[in-house]
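Trainee: Predicted structure and sequence below. I'll ask about it afterward.
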Amino acid sequence: MTSIHPTVLISPKARIGEECNIGPYTIIHDNVVLGRNVVIGSHCEIGISTRLGDGSPLYIGDNSLIRSHSVFYESSSFGDCLVTGHHVCARELTHAGKGLQIGSASDIQGHCEIGDYVRTHRGVHIGQKSKIGNFVWLYPDVLLTNDPNPPSENINFIGAEVGDFTVISAKSTLLPGVKLGKHVLVAAQSLVGINVPDKKLVTGVPAKIVGEASMLRMKNDIRVRAYPWNKRFYRGYPEEIICQWREEE
Amino acid sequence: MTSIHPTVLISPKARIGEECNIGPYTIIHDNVVLGRNVVIGSHCEIGISTRLGDGSPLYIGDNSLIRSHSVFYESSSFGDCLVTGHHVCARELTHAGKGLQIGSASDIQGHCEIGDYVRTHRGVHIGQKSKIGNFVWLYPDVLLTNDPNPPSENINFIGAEVGDFTVISAKSTLLPGVKLGKHVLVAAQSLVGINVPDKKLVTGVPAKIVGEASMLRMKNDIRVRAYPWNKRFYRGYPEEIICQWREEE
Amino acid sequence: MTSIHPTVLISPKARIGEECNIGPYTIIHDNVVLGRNVVIGSHCEIGISTRLGDGSPLYIGDNSLIRSHSVFYESSSFGDCLVTGHHVCARELTHAGKGLQIGSASDIQGHCEIGDYVRTHRGVHIGQKSKIGNFVWLYPDVLLTNDPNPPSENINFIGAEVGDFTVISAKSTLLPGVKLGKHVLVAAQSLVGINVPDKKLVTGVPAKIVGEASMLRMKNDIRVRAYPWNKRFYRGYPEEIICQWREEE
């Protein structure tokens, strides 16, 4: 049964799926489509209108959870099973696949593409024109920039591109237009200004390629290679995806 | 016509200009003066009283926009055309000129001076006793510190000083008391512990002067010098200022 | 007299001490125990339930102040005189002593231990399994990580440990499992991947031990050693603690 707290300010134009639950003091604007079984916490503002959008609604897929104090603009879409922390902001023209997790206090600046099963930790900032693949991990305070000559016109922004399965460790920065391949590992607090081929390990300020990610062993069992991580870590992914990963071995 | 949502908790002592628009669940305290045509989003708390102030009101100039979930203290003043993102915090004794833009999740710790047309991006932290000139750009996660011997008494804090037109790129830190001249460019993720003369380019951890900012060319057209940026970027500045910049050429 | 704003949504199961003051649009869930004279600002959500907790309540000690837009989960405890900034998030199974200060927009990820009189500045992130001693200072944007092989299972997280009186300057990162002794000083924007003995000064990316913290002099009086800081800085600590520090001299 859908449950909407009496203090929710909800537009009659918003389309709310079955079994949704919307918390106190949250605002749902006109141009919003919520899937089935979406939970939205307290004090959120969902579907803010903006002339920077394309008129399309904010679409939130089934079985999603948006935690308190979060802000979403219209003209963005999120696949099923979106999960956010608190105090998140996501602007217009963000198009994300299934299973996106957004950590608390993260900021998605919109005008960007995000694949399936991407997970950002706390305080991540994804600049406009970023392109993020599938199964990517962005750790706390990771920043994807986009302005090659600050300040420059938005039309000249060049987003970073991050390949499937790539892991960017805490507090690292990608400079504008940087392209990371698949299964890349960026060490903590790196400043990445170069393109990085698949499976490489990069570290430093400025970041350099120092070897293969597959060199690294698990801290708690040095017989096990830590990367590619999807050979050893499965939590939260659908059964069919895990099976596929196993078959590829 | 002024529009105040019925859920706004507004002190009868607050002075609200004409044509203001205040969003749901926002709180306006006693010691607040809003200019004409000020828009305040939802879930804000405006004019929090503090014994650290000087008793003066929070003053917000005409044609300003404060986005949702933001917090402003009394005893601060912001010139016309203030624009903020979401989840912003600005403490007492912040005195800012016209056209200030504050990015989402930024924190202005108060007891500081900010000139005209300063633009901060997301997650910027401006420590107490900072002095920021006009037309300055602070990119995401830039931090202006102030404590030369942490922890020390506030009376011993020494703010950073940032000259007109200077650009501080993402994730850079200014150490206490650092003075940057005019038209300086700080590259991303730099740790600046030295004073920097006008027009220099600094980069690194710790940051060093590596040349003139004017060496750099536009990424999309290498015939064009990227700096001084106000010879090529005008978006959002008043006509008379742009004319002045052009005459100086 | 306890004062609860009429817009507060408060569970009848919550136990509220005498002389508490709860601000507008705040939510107090079931499993909450507030001590005497606790002040909670507007737009907070206090005591969010989670299956990741142990069923115990959120306990907030006497004379605490939680500022607006903050979020606390159940199954955590905070000693007397907790003070937070705005937009703070503290998850389950955080156990903190007396006098904790949490800066605005900081995030305590829970499953961690924090001693007495710890002070975090703005934007600090404390990862799960962190152990923080007494009288520790964490400056803006400090990050304590915990995942030695990202992504790995929570059971393999190894928190950082920070000894009594240690000071971690702005934007520094502690890598997983790093142990800092007592009275250590970490300089700004350092990336600490090594264990550090008592009283050392570390700096850099990656951080190295460069000497004794006691080498440093006060910027405003070079005759005075800056560290150990508790020989010269007493603001906000109880008289008996300051007396003890003086006797140790």
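Mentor: Thanks, I have it.
Trainee: for the closest residue in space to residue A:167 that isn't next to it in sequence, what are its contacts?
Mentor: Nearest residue to residue A:167, sequence neighbours excluded (C-beta to C-beta, 6 or more residues apart in numbering or on different chains): residue A:137, at 4.5 Å. C-beta coordinates here come from the backbone N, C-alpha and C atoms, glycine included. Residues near residue A:137 by C-beta atoms under 8 Å, 6 or more residues apart in numbering or on different chains: A:118-121, A:166-168, C:150-151.
Trainee: ditto for residue A:40
Mentor: Listed by C-beta under 8 Å, 6+ apart, the contact set of residue A:40 reads A:20-23, A:26, A:28, A:34, A:46, A:65-66.
Trainee: Need the max-distance pair from those residues.
Mentor: By the measure C-beta to C-beta, A:28 and A:65 form the most distant pair in those, at 15.4 Å.
Trainee: Counting neighbours around each, name which of these two comes out higher.
Mentor: Between residue A:28 and residue A:65, counting by other C-beta atoms under 10 Å in any protein chain shown, residue A:28 is the more crowded of the two (25 against 17).
Trainee: just to revisit the earlier point, restrict the contacts of residue A:40 to the buried ones and give me that as a ChimeraX selection.
Mentor: In ChimeraX, this line selects whichever of those come out buried by 16 or more other C-beta atoms under 10 Å in any protein chain shown:
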select /A:20,22,23,26,28,34,46,65,66
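Trainee: Which of the contacts of residue A:40 sits closest to residue C:132?
Mentor: Nearest to residue C:132 among these, counting by C-beta to C-beta, is residue A:65 at 29.6 Å.
Trainee: Bridging across strands, which residues link to the closest one?
Mentor: Listed by DSSP bridges, the beta-bridge partners for residue A:65 are residue A:39, residue A:83.
Trainee: Counting neighbours, what do you get for residue A:85?
Mentor: 27.
Trainee: Identify the residues contacting it.
Mentor: A:67, A:102-106, A:122, C:89 are the contacts of residue A:85 under C-beta under 8 Å, 6+ apart.
Trainee: tell me the contacts of the residue lying closest to it once chain neighbours are set aside?
Mentor: Distance criterion C-beta to C-beta, 6+ apart; nearest residue to residue A:85, sequence neighbours excluded, is residue A:104 at 3.0 Å. For residue A:104, the contact set (C-beta under 8 Å, 6+ apart) comprises A:67, A:84-88, A:122-123, C:89, C:107.
Trainee: May I ask which helix or strand encompasses residue A:104?
Mentor: Assessed by DSSP states H and E, residue A:104 sits outside every helix and strand.
Trainee: can you list the residues of chain A near chain B?
Mentor: A:9, A:25, A:27, A:43, A:45, A:48, A:69, A:71, A:87, A:89, A:105, A:107, A:109, A:123, A:125, A:127, A:141, A:143, A:145, A:147-153, A:156, A:158, A:171, A:173, A:175-177, A:191, A:205 (C-beta under 8 Å from any C-beta of the partner chain).
Trainee: Quick one, which of those are buried?
Mentor: Buried among these (16+ other C-beta under 10 Å): A:9, A:25, A:27, A:43, A:45, A:48, A:69, A:71, A:87, A:89, A:105, A:107, A:109, A:123, A:125, A:127, A:141, A:143, A:145, A:147-152, A:156, A:158, A:171, A:173, A:175-177, A:191, A:205.
Trainee: State the pLDDT value of residue A:109.
Mentor: Note on residue A:109: pLDDT of 97.
Trainee: number of nearby residues for residue A:154?
Mentor: 12.
Trainee: try the one 5 residues further on
Mentor: Counted by other C-beta under 10 Å, the residues lying close to residue A:159 total 24.
Trainee: now swap in residue A:61 and tell me
Mentor: 23.
Trainee: Now do the contacts for the closest residue to it other than its chain neighbours.
Mentor: Of all residues not flanking residue A:61 in the chain, residue A:80 sits nearest, at 3.6 Å (C-beta to C-beta, 6+ apart). By C-beta under 8 Å, 6+ apart, the contact list for residue A:80 reads A:35, A:61-64, A:98-99.
Trainee: now those in a markdown table, with distance to residue B:232?
Mentor: Output for the contacts of residue A:80, formatted as a markdown table (distance: C-beta to C-beta, whole Å):
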| residue | distance to residue B:232 |
| --- | --- |
| A:35 | 45 |
| A:61 | 42 |
| A:62 | 47 |
| A:63 | 48 |
| A:64 | 43 |
| A:98 | 42 |
| A:99 | 42 |
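Trainee: could I have stretch A:192-202 exported to CSV, CA atoms only?
Mentor: What follows is stretch A:192-202, C-alpha atoms only, in CSV (Å, rounded to 0.1, in the frame of the first residue of the first chain):
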residue,chain,number,x,y,z
VAL,A,192,44.9,11.8,-12.9
GLY,A,193,45.7,13.8,-15.9
ILE,A,194,46.5,11.0,-18.4
ASN,A,195,44.5,8.4,-20.2
VAL,A,196,44.9,4.9,-18.6
PRO,A,197,44.6,1.6,-20.5
ASP,A,198,42.6,-1.3,-19.2
LYS,A,199,43.7,-3.1,-16.0
LYS,A,200,46.4,-0.6,-15.1
LEU,A,201,47.2,0.7,-11.6
VAL,A,202,47.8,4.4,-11.3
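Trainee: So which residues on chain A come close to chain C?
Mentor: Close to chain C, as judged by C-beta under 8 Å from any C-beta, chain A has residues A:7, A:24-25, A:41-43, A:68-69, A:85-87, A:104-105, A:119, A:122-123, A:137, A:139-141, A:167, A:169-171, A:188-189, A:204-205, A:216, A:218-220, A:226, A:229, A:233, A:235.
Trainee: From those residues, which land in strands?
Mentor: If you go by DSSP state E, these have A:119, A:137, A:167, A:204, A:218 in strands.
Trainee: So which of the residues you listed wins on neighbours?
Mentor: residue A:167 (27 neighbours).
Trainee: related to what we said a few turns ago, sec struct for the residue nearest to residue A:61, please.
Mentor: coil (DSSP: H, G, I helix; E, B strand; the rest coil).
Trainee: Buried residues in stretch A:222-241, which are they?
Mentor: For stretch A:222-241, by 16+ other C-beta under 10 Å, it's A:225-230, A:232-234, A:237, A:241.
Trainee: next one: stretch A:67-80
Mentor: For stretch A:67-80, the neighbour count (16+ other C-beta under 10 Å) marks A:67-80 as buried.
Trainee: Same question for stretch A:42-60.
Mentor: A:42-48, A:53, A:57-60.
Trainee: same thing with stretch A:202-216?
Mentor: Under 16+ other C-beta under 10 Å, the buried positions of stretch A:202-216 are A:202-207, A:213-214, A:216.
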